[in-house]
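Participant: got a predicted model here, sequence first, then my questions.
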Amino acid sequence: MKKWISALLCFTLLLGCFAPTVFAARMPGDVDADGKVTAADARLALRRAVGLEDYASGSDEFLACDVDSDGKVTAGDARMILRAAVALEALPGQEPVKPEPEPEPGPQPGLETAAQKLIRFLTEKGEYDNGSYRYYLRDSDGYFFMLSYNPDRDGYVFSLGGMNTSSQGYDFIVSILIDYDFSSYSCMLNVERNDVVSAVAVYNIDHERFEGATPEAYLTEVSYEGAQSNRASAKSIAANYVALLFTWLMRQIKANGLDIDAARDLHLYRFDPSVSPVSPSDPTPTQTTAAERIASFVMNRGQYYQGAYYYTVTEKGYEYDLIYDPANAYISVGVINSDSNANEYIYLLTMTSDFNNYLCSLSISKYNVQSVKALYGVAHTSFSTANSEYCLTERSYTGNTGVRTTVKQLAAAYTGLALSWLLKTCKANNLGVTVSDLHLYSFMN
């Protein structure tokens with residue numbers, strides 16, 4: 001049945017299908033198979049969630065990403081891995097045991113590199129947990145900071161982490177990944193409230209030109225997942241956190257007498273740690289649109305596949321799918337069911353993000369042989385259950401012409417069913433979406 005929804009989505013410019021449920025066999029969270037759960041694993045999981053990594057369902061990498069074992073990789077999985085990496089929660093199978101650290105080779109006085117100085121400081125003053133040495137500090141303003149070193153990882157070996165909770169109850173978690181020679185910096189931002197993710201973003205940092213006065217000018221977005229209205233503010237928050245973390249790092253370096261210079265050693269040539277950075281603020285606009293609230297809900301509660309997000313519910317023999325396509329900013333509702341004669345009905349209602357245009361399609365097949373496919377424009381502003389058939393205008397029709405009128409009547413009935421389910425779902429999940437928001441001025445749910 002699921003393959004038909006993919007074909008129908010293609011027919012109305014959307015793509016999608018459903019991934020099977022799988023169960024992880026590898027240690028959860030260890031995406032790169034290095035035996036550790038780190039911020040780098042969280043970044044890989046996020047890249048898979050937004051389609052930047054092509055880990056096939058059932059592969060070792062996919063199973064490691066899917067830490068909640070729900071058969072899909074989402075931003076929620078990346079968030080859990082990141083929280084585990086900074087020791088805020090444990091994943092299944094995590095039982096870190098602190099081994100005896102191997103003795104560090106004694107560098108000659110005066111020849112110790114900045115990386116070796118940080119490593120020495122972390123192995124002496126930090127705590128060993130889950131494969132990394134970590135130095136923690138919580139300041140009087142409620143910010144939690146962490147500097148960590150992973151001795152068994154190539155590339156990004158240092159991580160700067162920061163976390164706090166805003167006045168509106170949002171948790172901000174930021175991780176900066178730094179390579180051994182301080183030539184590459186990147187950061188990941190996770191924003192959530194009440195365990196519901198509202199934004200996840202990854203940025204590259206132009207650290208050589210980075211300044212605390214205008215920090216967001218030096219961040220380049222790699223990926224973003226969340227409401228589009230929050231995209232700019234998320235970047236601003238990430239940039240301010242980067243400045244905050246750089247300042248905290250330099251203060252710890254100075255307080256512990258490590259003789260590490262921001263410009264000479266860390267390649268932060270323009271960063272002045274004496275300038276107080278701007279405190280991050282809530283990434284919430286004063287008002288979001290109905291489309292943004294629906295999109296955020298589907299991204300947080302649904303699954304991502306082939307460029308779209310799906311939230312699926314089965315009720316009384318009907319399968320309902322709420323779909324968000326971020327590339328085209330489309331929101332769709334799909335309905336699938338079968339009758340006693342083995343006829344399968346696949347319906348899809350697609351709406352633009354401003355809810356000014358509605359389009360629906362209906363496909364009927366039996367034993368995987370399609371008999372009818374029809375496409376209709378929907379006069380949604382005047383749509384009601386009493387005159388639903390008259391609010392549909394045929395755009396295309398292929399198949400048995402003898403049932404043409406009946407197919408239009410069915411499409412009209414499915415339209416009413418899809419809209420009723422959409423409004424019921426919005427109400428049940430407190431999305432604050434009304435018939436007026438959807439421009440359904442004559443529709444009574």
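Facilitator: Looks like it came in fine.

Participant: buried residues in stretch 420-427, which are they?
Facilitator: Taking 16 or more other CB atoms under 10 Å as the neighbour-count basis, stretch 420-427 is seen to contain the buried residues 421, 422, 423, 425, 426. All C-beta atoms are positioned from the backbone trio N, CA, C, and that covers glycine.

Participant: closest one of these to residue 143?
Facilitator: The closest of the buried residues of stretch 420-427 to residue 143 turns out to be residue 426 (CB to CB; 36.1 Å).

Participant: which residues of the stretch 201-350 of the chain score low on pLDDT?
Facilitator: Of all residues in the stretch 201-350 of the chain, those with pLDDT under 70 make up the ranges 274-287.

Participant: just want the most central residue of the chain.
Facilitator: Central residue check for the chain by CA atoms, centre = their mean: the C-alpha nearest the mean position is that of residue 75, 3.5 Å away.

Participant: that one touches residue 225, doesn't it?
Facilitator: Yes. The pair residue 75 and residue 225 passes the contact test of CB atoms under 8 Å, sitting 5.1 Å apart.

Participant: now do the shared contacts for these two.
Facilitator: 46, 49, 50, 200, 299 (CB atoms under 8 Å, 6 or more residues apart in numbering).

Participant: so residue 132 makes contact with residue 38?
Facilitator: Yes. Taking contacts as CB under 8 Å, residue 132 lies within contact range of residue 38: 6.6 Å.

Participant: touching both of the two, which residues are there?
Facilitator: Residues touching both residue 132 and residue 38 (CB under 8 Å, 6+ apart): 85, 150, 159.

Participant: for the first one, what are its contacts?
Facilitator: Spelled out, that is residue 85. Residue 85 makes contacts with 29, 37, 38, 39, 41, 42, 130, 132, 159, 175, as judged by CB under 8 Å, 6+ apart.

Participant: for the strand or helix carrying residue 396, what is the average pLDDT?
Facilitator: Secondary-structure assignment from DSSP states H and E places residue 396 in strand 392-399. Per-residue pLDDT values across strand 392-399 average out to 95.

Participant: now the element after that strand, going C-ward?
Facilitator: Next helix or strand after strand 392-399 toward the C-terminus (DSSP H and E): helix 404-428.

Participant: next, the angle strand 392-399 makes with that next one.
Facilitator: 120 degrees (axes from the mean of the first three to the mean of the last three CA atoms, to 10 degrees).

Participant: and the one helix or strand residue 117 maps to, what does it pack against?
Facilitator: Secondary-structure element containing residue 117, defined by DSSP H and E: helix 114-125. Under the contact definition 3 or more CB pairs under 8 Å, 6 or more residues apart in numbering; DSSP states H and E, helix 114-125 sits against strand 132-138, strand 144-149, strand 156-165.

Participant: CSV for these, including mean pLDDT?
Facilitator: Listed next are the helices and strands packed on helix 114-125 as CSV, based on pLDDT from 0 to 100:
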stretch, mean pLDDT
strand 132-138, 83
strand 144-149, 87
strand 156-165, 81
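
Participant: any idea which of the ones you listed gets closest to residue 271?
Facilitator: Closest approach to residue 271 among the helices and strands packed on helix 114-125 (CB to CB): strand 156-165, 13.1 Å.

Participant: per-residue pLDDT of residue 106, please?
Facilitator: Looking at residue 106 specifically, the model assigns a pLDDT of 44.

Participant: so what's the residue count around residue 401?
Facilitator: When counting by other CB atoms under 10 Å, one arrives at 10 neighbours for residue 401.

Participant: how much space between it and residue 414?
Facilitator: Between residue 401 and residue 414 the distance, using CB to CB, to the nearest Å, works out to 20 Å.

Participant: one more: residue 211?
Facilitator: Per CB to CB, residue 211 is found 56 Å from residue 414.

Participant: pick out whichever of those two has more residues nearby.
Facilitator: It is residue 414, of residue 211 and residue 414, that has more neighbours when counted by other CB under 10 Å, with 24 against 15.

Participant: ok, and the closest non-adjacent residue to that one?
Facilitator: For residue 414, ignoring the flanking residues on the chain, the nearest one in space by CB to CB, 6 or more residues apart in numbering is residue 347 at 4.0 Å.

Participant: list the contacts of that neighbour.
Facilitator: So, once contact is read as CB under 8 Å, 6+ apart, residue 347 ends up touching 334, 335, 336, 360, 361, 362, 363, 411, 414, 415, 418.

Participant: can you tell me which of these comes closest to residue 126?
Facilitator: Nearest to residue 126, judged by CB to CB, of the contacts of residue 347 is residue 334 at 51.1 Å.

Participant: so how far is the helix or strand containing that closest one from its chain's centroid?
Facilitator: Per DSSP H and E, residue 334 falls inside strand 330-338. Relative to its chain's centre, strand 330-338 lies at 23 Å (CA atoms, centre = their mean, to the nearest Å).

Participant: the stretch 1-150 of the chain: helices as residue ranges?
Facilitator: Using DSSP state H, counting those that start in this stretch, the helices assigned to the stretch 1-150 of the chain run over residues 2-11, 39-49, 60-65, 75-85, 114-125.

Participant: residue 314: which of these is closest?
Facilitator: Of all the helices of the stretch 1-150 of the chain, it is helix 2-11 that lies closest to residue 314, at 12.2 Å by CB to CB.

Participant: in stretch 350-369, what's buried?
Facilitator: Applying a neighbour-count criterion of 16+ other CB under 10 Å, the buried positions in stretch 350-369 are 350, 351, 353, 355, 358, 359, 360, 361, 362, 363, 364, 365.

Participant: identify, from the residues you listed, the entry nearest to residue 288.
Facilitator: Residue 288 lies nearest to residue 353 out of those, by CB to CB, at 11.8 Å.

Participant: and the closest one, what pLDDT?
Facilitator: As summarised for this prediction, residue 353 has a pLDDT of 88.

Participant: before we move on, what about residue 195?
Facilitator: With respect to pLDDT, residue 195 scores 64.

Participant: coming back round to it: the residue nearest to residue 414: which element?
Facilitator: strand 343-352.

Participant: where in the stretch 51-200 of the chain is pLDDT low?
Facilitator: Low-confidence segments of the stretch 51-200 of the chain (pLDDT under 70): 93-111, 139-142, 153-156, 167-168, 194-197.

Participant: how does it look with 80?
Facilitator: Applying pLDDT under 80 to the stretch 51-200 of the chain flags the ranges 51-52, 75, 83, 85-90, 92-111, 130-131, 138-143, 151-157, 164-171, 192-198.

Participant: that older thread, can you redo the contacts of residue 85 as a markdown table with distance to residue 318 and neighbour count?
Facilitator: Formatted as a markdown table, the contacts of residue 85 follow (distance: CB to CB, whole Å; neighbours: other CB atoms under 10 Å):
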| residue | distance to residue 318 | neighbour count |
| --- | --- | --- |
| 29 | 37 | 30 |
| 37 | 40 | 30 |
| 38 | 44 | 30 |
| 39 | 42 | 27 |
| 41 | 39 | 26 |
| 42 | 37 | 31 |
| 130 | 45 | 24 |
| 132 | 49 | 27 |
| 159 | 47 | 23 |
| 175 | 43 | 28 |
